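Student: I'll drop the sequence and a predicted model, then ask my questions.
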Amino acid sequence: MRSAGQVTTPGADRQREMFEALSTRLQDVFRSLRGQPRLTEESVEAALREIRLALLEADVNFRVVKAFVDRVRDRAVDQAVLRSLTPDQHVVRIVRDEMRALFGDTTGGLPPATSSPRVILLLGLQGSGKTTTAAKLGAWLGRQGRHALLVSTDVRRPAAIAQLSVVGTQAGLRVHDPEGEMDPVVRASGALVATKNLGYDTLIVDTAGRLHLDDELMAELEAIQRAVAAGDRLFVADAMTGQDAIKSAGEFNRRIGVTGVVLTKMDGDARGGAALSVVGVLGVPIAFVGSGERVQDLEPFHPDRVVSRVLGMGDVLSLIEKAEQVITTEDAARLERKIRRDEFTLEDFRDQLRAIRKMGPLEQILGMIPGMGALKELNAQRDQIDEGQLTRVEAIINSMTPTERRQHQMINGSRRKRIARGSGTSVEEVNRLLKQFVEMRKMLKVVGGMAGSGRGKKGKGKGRRQALHNLRSMMNQ
Amino acid sequence: MTVFGRIRQGLARTTKQLVSRLDEVLGAPGTAARRSRPVDLQTADALEEVLLSADVGVAATGLIVDAVRAQAGRDADLRALVKAEILSVLAGAERPVALGGPPHVVLVVGVNGTGKTTTVGKLAALARAEGRQPLICAADTFRAAAVEQLEIWARRAGVDLVRAQAGGDPAAVVFDALASAKARGRDLVIVDTAGRLHTRVNLMGELEKIRRVAARETPGAPHEVLLVLDATVGQNGLVQAREFLQAAGVTGIVLAKLDGTAKGGIAVAIAHDLGLPIRYVGVGEAIDDLVPFSPRDYVDALFEEKW
Ligand SMILES: Nc1nc2c(ncn2[C@@H]2O[C@H](COP(=O)(O)OP(=O)(O)O)[C@@H](O)[C@H]2O)c(=O)[nH]1
Ligand SMILES: Nc1nc2c(ncn2[C@@H]2O[C@H](COP(=O)(O)OP(=O)(O)O)[C@@H](O)[C@H]2O)c(=O)[nH]1
Ligand SMILES: [Mg+2]
Ligand SMILES: [Mg+2]
């Protein structure tokens, strides 16, 4: 089994450009216009160009991008925005709201079953993750107290049936496999009978991958559906997929009627904008997100997470959830104050590191951080941040005097040498840490500004709450 | 109407391809009618649209469209200009396949589910048809039934397979395969590897280890490292190519699943940015559905709607 906990990727610097947060880009646009007494429609256009770029780079379908940008323009070319002191935040908020509106109030998971037994059909292109998802979903249902039987109808891909047996067994699930039966429809309907006879409450039907323009295979899928009358027809889509996704999903939807989407391979660094377009165009919810190759790597979908990711704003909500488990509200409030006053010290930084280490596998957490996170860059030169690395960072901070930790500016050359010696690290490492810390402070300052305080003008209601929310999550990196 | 309403309707209405806006603007290919016009904004937009919808990406699309605008005179055939521009990007990445061995060692890598195992089977068949004597190495010791899948492909291609126990060390299997190829006098070893996301540092490190072991056993090996990309892949394809280039020394791209409606246009950006050539394209699930890449056919296909 592959181990979790190993992080992410070489070349963080190179990748940074690609993952440059939309919010940062917008700040740049508006910053270049600062000093002008008022913002103009042209500057809004410049911002819209950035939005367009960011969305296209996130693989949002270009038709969707066009419609979307028009809609944001309508709302943004508005006196309130033009007069705003913080037009960048204003525009980001509009973009985010529009994206959220897309999903409505959908939450992930499955709707209540409409039939007994419940039948779930997994469909999609080749290699998208259907077979893996079948086992993951069975295991997830098991955790909900359900009992799922699995069946493969993939008689095309070599060893696909064997694959489902292996992953199903790994997940502790029963897999229906009538040996030698090579008719997909017979396999499916046989499994439905077995589901009832054996007293299972759910049947998960894995299907062969197929191209949406393969009429014969699409007809086969229709036949399978006629045989099992699945109430849940989940389109399994790869998060790395591009512009073509709405075509294929559209055709599957037209022929079978898709009820939900499973977005796989979200453990990578793809933004998943195509899937978002699919959801928008089909008008169906994302039910689950696949985040790894292991049986347990499946989670019900949270709209905010994907929205933030597409926009490059980081997976703020997931972070908050995780962070809240290890950081008390008082801690958070205290830190929030500090960040607003620009008083964030190396001591606080160390506390955050400790908190992060309590939060679980770094791989997942760092992936959620905007622009891959300041932390990750701590180690841009090396290939990975591991627990050992964090231990070294902590050792460096521990070797500082309390005053140094509170006033990092005073750490000069000879102090750096002493600290390196004391922590058993090198001066380069100390330098790197301090540099990153300074950058992190800068970033936090920007976010601190987003909370709206200290600028005289307070956002109200929901917007402000959201800003604080973001702030809290950034802080908890 | 919501943002998506119009698009949704469009998709529901037709199973036919939405008419390319380029054709709308330029007239269908071959019709001389509306050719003679300078590159106005509308035309540039339409060009851009074709490229973006093929996943060429914003940056590469911008470069191509700009180059075309710079060249285009009043009577220019824009479609031809764009094709020529893309051809020159692809040509710029072309390079001969390194020779080496025997055995010549080809390592096949990529993220999960792109078509690596299938490509290995097809490559073996292609090599046999050329009179070579390949051996397949099953170095995906991770994915469920991956070896069984490859065994079926080996049988279809009529070649031998060297395998390890499930969960074994991939580099060790590669070592065995190279030793065995020498012993059996095979001139080509094709290595199938487990899918891995490029963000997984330890798994990328595994590829480096495979390379080291291969080089120790056969000088210069692996002689070729093919990155299999799924033709449906979006902008992440460029990131994949970068990371696999760095960690595994990729020498060429295989664009699998090009038989769908996706165009795999990110390969153009990869050729431009990283200078990696496309070597083969996968056009189906049968054993002979792998063809050497033809830039000209590819560029034609970019402008062709399949539905
Ligand atoms: N990293 C990662 N890999 C996945 C995920 N889901 C599936 N895979 C991998 O993607 C590949 C294709 O998956 P499979 O279930 O065989 O796809 P199918 O052809 O649609 O049945 C396999 O290597 C899986 O291990 C995921 O969420 N994350
Ligand atoms: N239509 C089509 N399907 C392909 C092609 N190449 C591979 N596939 C399918 O894609 C899926 C994943 O292929 P596989 O070789 O197992 O991918 P791997 O996980 O990268 O080894 C299988 O269902 C294959 O049949 C291709 O060129 N065209
Ligand atoms: Mg499958
Ligand atoms: Mg494989």
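Tutor: Here it is on my side, so go on. Ligands and ions are numbered 1, 2, ... in the order given.

Student: where does the prediction get shaky in the stretch 201-350 of chain A?
Tutor: Counting by pLDDT under 70, the stretch 201-350 of chain A contains low-confidence residues at A:304-333, A:335-336, A:339-340.

Student: could you pull out the strands in the chain for me?
Tutor: All of this is about chain A. Secondary structure of chain A (DSSP state E): strands located at A:118-123, A:148-152, A:174-176, A:202-206, A:232-238, A:260-264, A:286-290, A:298-300.

Student: my bad, the chain I had in mind was chain B
Tutor: Assigned by DSSP E, chain B shows strands spanning B:104-109, B:134-139, B:160-162, B:188-193, B:224-230, B:252-256, B:278-282, B:290-292.

Student: buried residues in the third one?
Tutor: This means strand B:160-162. Residues of strand B:160-162 classed as buried under the neighbour-count rule (16 or more other Cβ atoms under 10 Å in any protein chain shown) are B:160-162. In short, each C-beta sits where N, CA and C put it, glycine included.

Student: before we move on, the earlier item: which one of the strands of chain A lies nearest to chain B?
Tutor: Ranking the strands of chain A by distance to chain B, with Cβ to the nearest Cβ as the measure, places strand A:232-238 first at 6.9 Å.

Student: bridged to the residue in chain A positioned nearest to ligand 1, which residues?
Tutor: Residue nearest to ligand 1 within chain A: A:G290 (2.8 Å; Cβ to the nearest ligand atom). Listed beta-bridge partners, A:G290: A:L298 (assigned using DSSP bridges).

Student: just checking, it touches A:P300?
Tutor: No: with the criterion set as Cβ atoms under 8 Å, A:G290 and A:P300 do not qualify as a contacting pair; they are 11.5 Å apart.

Student: specify which residue of these two has the higher count of neighbours.
Tutor: For the pair A:G290 and A:P300, the greater number of neighbours falls to A:G290 (24 against 13), based on other Cβ atoms under 10 Å in any protein chain shown.

Student: got the contact list for the more buried one?
Tutor: Listed by Cβ atoms under 8 Å, 6 or more residues apart in numbering or on different chains, the contact partners of A:G290 are A:129, A:132-133, A:136, A:262-267, A:297-298.

Student: neighbour count and distance to ligand 1 added to these, as TSV?
Tutor: Supplementary listing: the contacts of A:G290 in TSV, determined by neighbours: other Cβ atoms under 10 Å in any protein chain shown; distance: Cβ to the nearest ligand atom, whole Å:
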residue	neighbour count	distance to ligand 1
A:G129	25	3
A:T132	28	3
A:T133	25	6
A:K136	27	8
A:V262	25	9
A:L263	29	8
A:T264	32	4
A:K265	27	4
A:M266	26	6
A:D267	22	5
A:D297	20	6
A:L298	23	7
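
Student: B:V225 against B:A247, yeah?
Tutor: No: in terms of Cβ under 8 Å, B:V225 does not count as a neighbour of B:A247; the distance is 10.1 Å.

Student: ok now do the closest residue to A:I411 other than its chain neighbours, which residues does it touch?
Tutor: Across the structure, with Cβ to Cβ, 6 or more residues apart in numbering or on different chains as the measure, the residue nearest A:I411 apart from its sequence neighbours is A:E404 (5.4 Å). A:E404 makes contact with A:346, A:410-411, A:415, A:419 under the criterion Cβ under 8 Å, 6+ apart.

Student: then B:V268?
Tutor: Taking Cβ under 8 Å, 6+ apart, we find B:V268 in contact with B:56, B:60, B:64, B:86, B:89-90.

Student: and the closest residue to ligand 4 within the stretch 51-200 of chain B, what's its pLDDT?
Tutor: In the stretch 51-200 of chain B, the residue that lies nearest ligand 4 is B:T117 (3.3 Å; Cβ to the ion). The predicted local distance difference test score for B:T117 is 98.

Student: for ligand 3, see how far away A:Q170 is.
Tutor: A:Q170 sits 15 Å away from ligand 3, taking Cβ to the ion, to the nearest Å as the criterion.

Student: with B:A84 instead?
Tutor: In this structure, B:A84 lies at 41 Å from ligand 3, with Cβ to the ion as the measure.

Student: try B:R69
Tutor: B:R69 sits 45 Å away from ligand 3 when distances are taken as Cβ to the ion.

Student: need the pLDDT of that residue.
Tutor: In the prediction, the pLDDT value recorded for B:R69 is 84.

Student: what's the burial count for it?
Tutor: For B:R69, which is what you asked about, the neighbour count (other Cβ under 10 Å) is 17.

Student: how about the helices in the stretch 251-400 of chain A?
Tutor: Listed in chain order, the helices of the stretch 251-400 of chain A (DSSP state H, counting those that start in this stretch) span A:273-282, A:303-311, A:316-326, A:329-340, A:346-358, A:362-367, A:374-377, A:387-398.

Student: most neighbours, which of the contacts of B:V268?
Tutor: Going by other Cβ under 10 Å, B:V56 tops the contacts of B:V268 with 29 neighbours.

Student: I figured that residue hits B:I64, correct?
Tutor: Yes: between B:V56 and B:I64 there is a contact at 7.3 Å, judged by Cβ under 8 Å.

Student: residue contacts, the residue nearest to B:V105 when sequence neighbours are not counted?
Tutor: Once its chain neighbours are removed from consideration, B:V105 has its nearest residue in B:A221; the separation is 3.8 Å (Cβ to Cβ, 6+ apart). Applying Cβ under 8 Å, 6+ apart, one finds that B:A221 lies in contact with B:100-101, B:103, B:105, B:178, B:214-215.

Student: where is pLDDT lowest across these?
Tutor: Of all the contacts of B:A221, the one the model is least sure of by pLDDT is B:G101, with 76.

Student: would you format the contacts of A:E404 as a markdown table with distance to B:R296 and neighbour count included?
Tutor: Conversion of the contacts of A:E404 to a markdown table gives the following (distance: Cβ to Cβ, whole Å; neighbours: other Cβ atoms under 10 Å in any protein chain shown):
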| residue | distance to B:R296 | neighbour count |
| --- | --- | --- |
| A:L346 | 60 | 21 |
| A:M410 | 66 | 11 |
| A:I411 | 62 | 21 |
| A:R415 | 65 | 15 |
| A:I419 | 62 | 24 |
